[in-house]
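# Need coordinates for the below:
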Amino acid sequence: VPRPPSQPLTGSESRRFTNKHSKKALKASLTLGILLGMFFVAWLPFFVTNVAQAVCDCVPAGFFDVLTWLGYCNSTMNPIIYPLFMRDFKRTMGKFLPCCRRSVEPRPSAIFLSTRNSNSGPRAATSLRNVL
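This is a model prediction of the structure:
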């Protein structure tokens, strides 16, 4: 039951509110830490080697290519890390990717609801697809 803004939260409600938000903040910090950690592990050797190559020209081309591909692998890890740690991201991607959609009953359209709730007598159900 929502409270009017004039009533303060009780101690247990305030603690629960704080605890819930601190868990979300902790999870967001963990996800960000993992993403940044993966970025630095993947790209820092490439950039250090790139600077060394510019200064002394002593880095073999094959080693430089391996470090470049390590950085590219970081780009392939991001689509894996995001769904693992972020429920909102997973839910949103499920809406857009047909392979990730759940088989759920289709929700009735607004037109169907308005014709069903009108008092003008029985009508055939009209969906938005039929109208468009």
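
# helices or strands next to the helix or strand containing Val51 in the packing?
Secondary structure from DSSP states H and E places Val51 in helix 11-56. Where contact means 3 or more C-beta pairs under 8 Å, 6 or more residues apart in numbering; DSSP states H and E, helix 11-56 is packed against helix 61-85. (C-beta placed from N, C-alpha, C; glycine too.)

# Next, the angle from the helix it packs on to helix 11-56.
Comparing the axes of helix 61-85 and helix 11-56 via axes from the mean of the first three to the mean of the last three C-alpha atoms, to 10 degrees yields an angle of 170 degrees.

# And helix 61-85, what's buried?
67, 71, 74, 85 (16 or more other C-beta atoms under 10 Å).

# which outside residues touch it?
Helix 61-85 is contacted by residues 27, 30-31, 34-35, 38-39, 41-43, 45-46, 49-50, 53, 89-90, 93 when judged by C-beta atoms under 8 Å, 6 or more residues apart in numbering.

# Can you select the buried ones among these for me in ChimeraX?
Selection of buried members from the contacts of helix 61-85 for ChimeraX, criterion 16+ other C-beta under 10 Å:
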select :31,35,38,42,43,45,46,49,93
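
# Pick the one among the buried residues of helix 61-85 closest to Lys23.
Phe85 (13.4 Å; C-beta to C-beta).
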